[in-house]
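S.K.: test case, fold it:
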Amino acid sequence: MTRILLVDDEAAIRRAVRRFLEHQGFEVALAEDLSGAREQAERTGFDLLLADLRLPDGEGTALIGEYPRLPTVIMTSYASVASAVEAMKSGAIDYIAKPFDHDALLLTLRAALRSSAHHRRPHAPGTPAAQEQGLIGESPAIATLRQQMRKVAAADSTVLIRGESGTGKEVAACAIHALSPRAGQPFVPVNCASIPEGLVEAELFGHAQGAYTGAVKARTGLIESADGGVLFLDEIGELAPAAQARLLRVLQEGEIRPVGANQARRVDVRLLAATHRDLEAMIDTGAFRADLYYRLRVLELRIPPLRERLDDLDGLVSHFLAELEQRFGAPGLTLDEETRRRMHAYDWPGNVRELKNALERAVVLSEDNSIDWENLGLVPAAPEARSRSATLTEYFRRFVIENQHRMNETELARALGISRKTLWERRQRENLPRT
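M.R.: Down below sits the predicted model:
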């Protein structure tokens, strides 16, 4: 989860912004002045700093020099060109003028995170082994997938990557990019399910200055950010119909028109898309455009679920334990044979992501370096229970999508018979942000 440190001396603003950002899936820590921000930054790692320009004990820009590797967005009530220029000169990645609306804030933060990630990402092609380092395993399924990916990478066609949640579709997309002639150019990943519907077009295509309330300056969209490189659209099945139509035009014409702009711009982008949804069924119901589907499915890859490649389980466990040893300073992490046996008998509905999270949970809960089954928190389900769980998950998604426009979160939770906290957690798990 992306972690943001919010620094503002007004308690009402801190509460409102934190509530909004947590609703969007961010983890937010608060500070009211520079000293509090320093304490938080020393104790916890953050992905972005959102700081007011004027604080009781100095200016928010002072933190930029102290934490130069932490991307910073400055908030200012002094919406003048001079204050904005000074903030950018101090090293801020962006600024936003108060009062701002939530849409403008979200676009600014997403753009800042995107820009920061792009500058941190190494572009050197490297060796084939390094390019495929995320695809761990030597099972026949993975060996076949690697072979297919090398062929797909050499082309410049659109690719549709299919697979269950947690199988590693973004890992495959990164490997395709690294193996392709575009390896030295940007790789821009986008989770379509995480963008509120009202912001999808501005996020993907950018916007002109004054295109809507809060658009104080023009902003480059995600598609243009990937110009010359690769755009990866994860969960493409969640893309709103209007955005589907505009994306189709990009694929057909090779140009974009930012929201509120008069002129179109040419772009050279290779598109990789991924989904765990049944797009063919969505076409039948009118939820997904058939013409876009055929444009996306020029080439197709299927990422096998973990239950189909259990020969790779031990290698994946070793890889993740090595990462956790370094992260938690706990060398010598081990699993006993009984735990390994039960892990091989488990069907891993959450796939590689579930395995990684279960191992992290176990490392945190274990009293020593030996991980046992109970600490993994895995509960094998009977086939009928798994079927029932899938049915209930689909019911949850359908009920929320169909009713969230007329119910608030309290009403939705009450109708589903769960708490607001459980509703929020399920939204995050199902990639179903409120729109």
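S.K.: what comes into contact with whichever helix or strand Arg414 is part of?
M.R.: Here Arg414, judged by DSSP states H and E, is contained in helix 409-416. Contacts with helix 409-416, where a contact means C-beta atoms under 8 Å, 6 or more residues apart in numbering, come from Phe396, Phe399, Val400, Asn403, Gln404, Met407, Ser419, Arg420, Thr422, Leu423, Trp424, Arg434. The way it works is simple: take the backbone N, C-alpha and C, and place the C-beta from them, glycine included.
S.K.: report the buried members of the residues you listed.
M.R.: For these, a neighbour count by 16 or more other C-beta atoms under 10 Å gives the buried set as Phe396, Val400, Gln404, Leu423, Trp424, Arg434.
S.K.: reformat those as JSON lines; add secondary structure, distance to Trp373 and pLDDT.
M.R.: Listed next are the buried ones among the contacts of helix 409-416 as JSON lines, based on DSSP: H, G, I helix; E, B strand; the rest coil; distance: C-beta to C-beta, whole Å; pLDDT from 0 to 100:
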{"residue": "Phe396", "secondary structure": "helix", "distance to Trp373": "29", "pLDDT": "78"}
{"residue": "Val400", "secondary structure": "helix", "distance to Trp373": "34", "pLDDT": "85"}
{"residue": "Gln404", "secondary structure": "coil", "distance to Trp373": "38", "pLDDT": "85"}
{"residue": "Leu423", "secondary structure": "helix", "distance to Trp373": "30", "pLDDT": "81"}
{"residue": "Trp424", "secondary structure": "helix", "distance to Trp373": "29", "pLDDT": "79"}
{"residue": "Arg434", "secondary structure": "coil", "distance to Trp373": "37", "pLDDT": "73"}
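S.K.: sketch out the low-pLDDT regions of this structure for me.
M.R.: 77-86, 89, 115-134, 207, 209-218, 260, 380-393, 435 (pLDDT under 70).
S.K.: ranges for the helices of the stretch 251-400 of the chain?
M.R.: For the stretch 251-400 of the chain, helices defined by DSSP state H, counting those that start in this stretch occupy the ranges 279-285, 290-296, 313-328, 337-345, 351-365, 373-376, 383-403.
S.K.: and which of the contacts of helix 409-416 is nearest Val230?
M.R.: Arg434 (29.7 Å; C-beta to C-beta).
S.K.: mind checking how far the closest residue to the closest one other than its chain neighbours is from Arg398?
M.R.: If the residues on either side of it in the chain are set aside, Arg434 comes closest to Gln404, at 6.1 Å by C-beta to C-beta, 6 or more residues apart in numbering. Distance, Gln404 to Arg398, by C-beta to C-beta, to the nearest Å: 11 Å.
S.K.: measure the closest residue in space to Ser90 that isn't next to it in sequence to Thr76 for me?
M.R.: Distance criterion C-beta to C-beta, 6+ apart; nearest residue to Ser90, sequence neighbours excluded, is Thr61 at 4.0 Å. Applying C-beta to C-beta, the value for Thr61 to Thr76 is 10 Å.
S.K.: which residues are in contact with the nearest residue to Ala37 once chain neighbours are set aside?
M.R.: Using C-beta to C-beta, 6+ apart and skipping residues adjacent in sequence, the residue nearest Ala37 is Ala31, 4.1 Å away. For Ala31, the contact set (C-beta under 8 Å, 6+ apart) comprises Leu5, Leu6, Val7, Ala37, Glu39, Gln40.
S.K.: between those, which sits nearest Ala202?
M.R.: Leu6 (22.6 Å).
S.K.: checking that closest one next. Helix, strand or coil?
M.R.: Secondary structure for Leu6, judged by DSSP: H, G, I helix; E, B strand; the rest coil, is strand.
S.K.: roughly how far apart are the residue nearest to Arg434 and Leu310?
M.R.: Gln404 is 38 Å from Leu310, by C-beta to C-beta.
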